[in-house]
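In: The following block contains a protein sequence and its predicted model.
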Amino acid sequence: MTKFPLLLIGVLAWASAASAAEQDGFKLLFNEKTLDGWRNINCGPKTWTVKDGMIHCTGKPIGELRTLRMYENFILEVEWRHLKPRGNAGIFVWADAYTAKGVPFHRGVEVQVLENAYGSGGGHTTHGDIFPIHGAKMTPINGRGGSRAFPTENRSKPSPQWNHYRVVCNNGEISLAVNGKVVTRGKAAKPRKGYICLESEGSPVQFRKMKIKELLSTNPKPEEVAKAEAGFHSLYTGVDLSGWKSDKAGAWNVNDWRLTTKGGNALHTEKKFTSYVMFADFRDGGKAVPFELPNIGAIGELKDLSKGWNRVQVTRRLGQIRVELNGKVVTESKLRESALKPGPITLSPKVATEFANIFIKELK
């Protein structure tokens, strides 16, 4: 038999699956062949792949795969399974475009995806908890005094069996059906319009048969809409130092979603940048000068640092150098055309420092 009939059969099978998914207003959210419509936010190039009609996640580093567009009111159906016991992952809804400060995850509402052997306790279960994360809000139904909603029944199957989730999001209310029965609910979520994310969190997990049905808008207010895509991309893979070069071998360590150093040695991007906006998170005890700018030098001592994570944002373009710390402008000056030359981004802390969420957007 020639290859052509086999190829035709494959095309017809995919078309049949797509047609079935689109019944009753559903559309494929994952086309079972590529990651078109999705974006790797802060993971390595091999963390998320398509395998046998499934989205396969290695679990390393911790991070997110996000839809390219926002969704407001919808019904999401998906099947998932962990490939190892005690696996951890999640599905985020109504999420921001980028990670929250000092964490590898987005602000949003998380639908928990835990393998049964992870174990349940007073603070969580392995059967479909729902909870707001990193600044999002939600009132749980069947809560235990906090913001987490707990399932009313244990219905999740252990690895390597498949589980089916049906997530209904409408006007800030959310419900989860696990393997055919609604068990978890929440209300008054904020944001209530945003992106859908799949979570990588340390162990291999697979997703398949993902489809979505959009419902009528209920006109969210601007403050109820997640932060939108703004053209940033990550400079750090979480798995290696590709794209960077160090002044001293071994001075910088890849620690999953964090990039760490004992200080005193610079790390430079291999690529040179001219005009850009970049942001990064760092934690150092309040003493480091974290960045140097191309052809400008150190940005100066940053005062009033938090003992926890800080987010610094640097804008460099003709006529402007601006540094913001935790949302507040701390220094601003003019940049002459003669100084606007390409150069690397340099991390140059003087003391032991952790970095995370290093993103850049080049300006024209």
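Out: Received it, and whenever you're ready, just let me know what you need. Note that the structure is a prediction, hence the values are computed from the model and not measured.

In: how about the strands in the stretch 201-350 of the chain?
Out: Listed in chain order, the strands of the stretch 201-350 of the chain (DSSP state E, counting those that start in this stretch) span 205-214, 233-234, 244-246, 252-255, 258-261, 267-269, 276-283, 291-293, 297-298, 310-317, 320-325, 328-333, 346-347.

In: Parallel or antiparallel, list what pairs with the first one.
Out: The pairing partners recorded for strand 205-214 under DSSP bridges are strand 27-28 (antiparallel), strand 54-57 (antiparallel), strand 74-82 (antiparallel).

In: Check which residues of it are buried.
Out: For strand 205-214, burial by neighbour count (16 or more other Cβ atoms under 10 Å) applies to 205, 206, 207, 208, 209, 210, 211, 212, 213. C-beta here means a position set from N, CA and C on the backbone, and glycine is covered the same way.

In: Looking at those, which is nearest residue 326?
Out: Relative to residue 326, the closest of the buried residues of strand 205-214 is residue 205; by Cβ to Cβ it sits at 33.5 Å.

In: tell me the contacts of that closest one?
Out: 57, 59, 80, 81, 82, 83, 87, 89, 113 (Cβ atoms under 8 Å, 6 or more residues apart in numbering).

In: From what I see, the third one and residue 206 are in contact.
Out: Yes: taking Cβ atoms under 8 Å as the contact criterion, residue 80 and residue 206 are neighbours in contact, 6.7 Å apart.

In: wait, doesn't residue 357 sit right on residue 278?
Out: No: in this structure residue 357 lies outside contact range of residue 278 using Cβ under 8 Å: 10.6 Å.

In: Read off the pLDDT value for the residue nearest to residue 266 when sequence neighbours are not counted.
Out: In this structure, residue 266 finds its nearest non-sequential neighbour in residue 348, 4.4 Å apart by Cβ to Cβ, 6 or more residues apart in numbering. pLDDT for residue 348: 87.

In: same check, this time on residue 333
Out: So residue 333 comes in at 87 (pLDDT).

In: do residue 321 as well
Out: Residue 321 is given a pLDDT of 89.

In: Can you get me a residue count around it?
Out: Look at residue 321: counted by other Cβ atoms under 10 Å, it has 17 neighbours.

In: Show me what it is bridged to.
Out: Taking DSSP bridges, one obtains residue 316, residue 333 as the residues bridged to residue 321.

In: Isn't it up against residue 339?
Out: No: assessed by Cβ under 8 Å, residue 321 is found out of contact with residue 339, at 9.0 Å.

In: Just the mean pLDDT for stretch 216-236, thanks.
Out: 98.

In: same thing with stretch 33-47?
Out: The model assigns stretch 33-47 a mean pLDDT of 98.

In: Point out where this protein drops to low pLDDT.
Out: 1-23, 285-291, 293-304 (pLDDT under 70).

In: Would you map out the domains in it?
Out: Domain ranges of the chain: 14-229, 234-362, per automatic domain parsing.

In: mind checking how far the most centrally placed residue in the chain is from residue 103?
Out: The residue lying closest to the centre of the chain (Cα atoms, centre = their mean) is residue 64, at 3.2 Å. Separation of residue 64 from residue 103 (Cβ to Cβ, to the nearest Å): 11 Å.

In: Over to residue 36?
Out: 28 Å.

In: Comparing these two, which shows the higher neighbour count?
Out: A count of neighbours by other Cβ under 10 Å puts residue 103 above the other of residue 36 and residue 103, at 16 against 9.

In: Let me see the ranges of the strands in the stretch 1-150 of the chain.
Out: Counting by DSSP E, counting those that start in this stretch, the strands of the stretch 1-150 of the chain are 27-28, 38-40, 48-51, 54-57, 63-67, 74-82, 88-95, 108-114, 130-133, 137-141.

In: would you put the C-alpha positions of the fourth one in CSV?
Out: Translated: strand 54-57. Taking Å, rounded to 0.1, in the frame of the first residue of the first chain, the C-alpha atoms of strand 54-57 are listed here in CSV:
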residue,chain,number,x,y,z
MET,A,54,-1.4,14.8,23.2
ILE,A,55,0.3,17.8,24.8
HIS,A,56,3.3,16.2,26.6
CYS,A,57,4.9,18.2,29.5
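
In: Residue 158: neighbour count?
Out: Residue 158, neighbours per other Cβ under 10 Å, totals 15.

In: contacting residues for the closest residue to it other than its chain neighbours?
Out: In space, and not counting its chain neighbours, residue 158 is closest to residue 116: 4.1 Å by Cβ to Cβ, 6+ apart. Neighbour list for residue 116: 85, 126, 156, 157, 158, 159 [criterion: Cβ under 8 Å, 6+ apart].

In: switch to 10 Å and redo it
Out: Contacts for residue 116 (Cβ atoms under 10 Å, 6 or more residues apart in numbering) come out as 82, 85-87, 125-127, 154, 156-159, 161, 163.

In: Report the buried members of those.
Out: Using 16+ other Cβ under 10 Å, the buried members of the contacts of residue 116 are 82, 87, 125, 126, 127, 156, 159, 163.

In: nearest to residue 242, of the residues you listed?
Out: residue 87 (26.7 Å).

In: Tell me how far that closest one lies from residue 191.
Out: Where residue 191 is concerned, residue 87 sits at a distance of 28 Å (Cβ to Cβ).
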